[in-house]
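# Okay, predicted coordinates and the sequence, questions at the end:
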Amino acid sequence: MEDSILFQKSKEYALAVIRISRTIRAEQREYTLADQFLRSGTSIGANIREAYYGSSKMDFIAKLQIALKECAENEYWMELLTDSNTYDCKSMFPACAELKRLLIASVNTAKKNT
């Protein structure tokens, strides 16, 4: 699992989200948006990890789909943070888009193989 590109990318992404969330809380004192951003951004990798230990192929697919939803939610929080001038998250959008592409491809591949 450690050599999975999806696992590696989601962990790198989560670490970046943690750092940004800390900055937002410290500099902007914006706890609600930072918390939502943190939860959805770190949940992506957690659900991917759960998928690898799924009890069935359908469970694997379901967990990856949840990770995809969390990725879309995180993108929404980034848009809010950026558009409200709370924190400029523009540098995170490409990594989020890459995770979405990887998750979509993984879900589609898993569905084909069921």
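Yes, it's here. Numbering: from 1, shown residues only.

# Could I get the pLDDT score of residue 3?
Turning to residue 3, the model gives it a pLDDT of 78.

# So it, which state does it fall into?
Of the three states, residue 3 takes coil under DSSP: H, G, I helix; E, B strand; the rest coil.

# Surely residue 10 touches residue 99?
Yes - under the criterion of C-beta atoms under 8 Å, residue 10 makes contact with residue 99 at 6.2 Å. Where C-beta positions appear, they are placed from N, C-alpha and C, glycine not excepted.

# which residues are in contact with both of the two?
residue 44 (C-beta atoms under 8 Å, 6 or more residues apart in numbering).

# Who are the packing partners of whichever strand or helix holds residue 110?
Assigned by DSSP states H and E, residue 110 belongs to helix 93-112. On a contact count with 3 or more C-beta pairs under 8 Å, 6 or more residues apart in numbering; DSSP states H and E, helix 93-112 meets helix 5-23, helix 57-83.

# Show me which positions of stretch 53-68 end up buried.
Residues of stretch 53-68 classed as buried by neighbour count (16 or more other C-beta atoms under 10 Å): 60-68.
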